[in-house]
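Colleague: Have a look at this prediction, sequence included:
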Amino acid sequence: MRRLAAPCISSAIATGAGVSHQHAHLQCPHLVRSSQYSPAAACLIYYVIFCLQAKATTVKEALAKWEEKSGEKASDAIAIKLYSQLPPIEKMDASLATLTNCEKLSLSTNCIEKITNLNGLKKLRILSLGRNNIKTISGLDAVGDTLEELWISYNLIEKLKGINCMKNLKVLYMSNNLVKDWGEFVRLADLPCLSDLVFVGNPLEEKYSAEGTWLSEASKRVPKLKKIDGTPVIRQEEGEAD
């Protein structure tokens, strides 16, 4: 297992599973009784077991809980937070179409594998999908004209095909994914407004950072970037080198 998207929250696990911490070991005694596991590791094991046994939360269910907690109607809301659902959301289903006024949507820390059903979000500017199981960037064309920020770190993305649909994207946070070659990275040059990129933790970045050339190589290939991994890009003016 490369990375687990979900957080380790022991109280939520015990409450959501309907078991006490004292009895949680019954779920998987051969694992958590072993002295090789720390309390934090055991907590994570409980979470995984629970998520495997429980039915996934639907977007419709998550929205109902959000409305109850916030006192707002989802169809009128500008910012909606559906992160860290327990059990986690697995699919971006058609219920998202009701969010016609949403400008900022958070679906981070779930178990989503595909980006889908964004057609109804005509005002979406910020989309947070970090810590999921997303493998491709496809599915964003529906919000390509409005999306300004995409937060999609800690996923399983290796290819960036289709990212060029986001003509107004200014900020892209996609650290800790699986991009490993320049051929994919240069697709970012097709984003005319992109100025702020976080790419740390991808195999490509790790390789060239180890050689001390990451910032120079990355900025050379995507020259419009003003900030890479939190570091401002400083370029020499024409003729300054002389």
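Modeller: Perfect, I can see it now.
Colleague: OK, contacts around the most centrally placed residue in the chain?
Modeller: Centroid-nearest residue in the chain, with Cα atoms, centre = their mean: residue 130, separated by 1.5 Å. Contacts of residue 130 were listed using Cβ atoms under 8 Å, 6 or more residues apart in numbering, and they are 108, 109, 151, 152, 153, 154, 155, 173. Just so you know, the C-beta spots here come from the backbone N, C-alpha and C atoms, and that holds for glycine as well.
Colleague: Which ones among the residues you listed lie within strands?
Modeller: Using DSSP state E, 151, 173 are the members of the contacts of residue 130 that sit in strands.
Colleague: Mind checking which of the contacts of residue 130 are buried?
Modeller: Buried members of these, scored by 16 or more other Cβ atoms under 10 Å, are 108, 109, 151, 152, 153, 154, 155, 173.
Colleague: Kindly reformat the residues you listed as JSON lines containing pLDDT and distance to residue 232.
Modeller: JSON lines is the format used below for the buried ones among the contacts of residue 130 (pLDDT from 0 to 100; distance: Cβ to Cβ, whole Å):
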{"residue": "108", "pLDDT": "98", "distance to residue 232": "26"}
{"residue": "109", "pLDDT": "98", "distance to residue 232": "29"}
{"residue": "151", "pLDDT": "99", "distance to residue 232": "20"}
{"residue": "152", "pLDDT": "99", "distance to residue 232": "22"}
{"residue": "153", "pLDDT": "98", "distance to residue 232": "20"}
{"residue": "154", "pLDDT": "98", "distance to residue 232": "24"}
{"residue": "155", "pLDDT": "98", "distance to residue 232": "26"}
{"residue": "173", "pLDDT": "99", "distance to residue 232": "16"}
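Colleague: And the residues you listed, which two are furthest apart?
Modeller: Within the buried ones among the contacts of residue 130, 109 and 173 form the most distant pair, 14.3 Å apart (Cβ to Cβ).
Colleague: is it true that residue 184 lies in a strand?
Modeller: No: judged by DSSP: H, G, I helix; E, B strand; the rest coil, residue 184 forms no part of a strand; its state is helix.
Colleague: doesn't residue 163 make contact with it?
Modeller: No: taking Cβ atoms under 8 Å as the definition, residue 184 is not a contact partner of residue 163, at 9.2 Å.
Colleague: who's more crowded, these two?
Modeller: Higher neighbour count among residue 184 and residue 163: residue 163, with 23 against 19, using other Cβ atoms under 10 Å.
Colleague: What strand or helix carries the residue nearest to that one when sequence neighbours are not counted?
Modeller: Among residues not flanking residue 163 along the chain, residue 137 sits closest, at 5.0 Å (Cβ to Cβ, 6 or more residues apart in numbering). Using DSSP states H and E, residue 137 sits in no helix or strand.
Colleague: circling back: could I get the buried ones among the contacts of residue 130 as a markdown table with distance to residue 196?
Modeller: Below are the buried ones among the contacts of residue 130 laid out as a markdown table (distance: Cβ to Cβ, whole Å):
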| residue | distance to residue 196 |
| --- | --- |
| 108 | 18 |
| 109 | 22 |
| 151 | 11 |
| 152 | 14 |
| 153 | 13 |
| 154 | 18 |
| 155 | 18 |
| 173 | 8 |
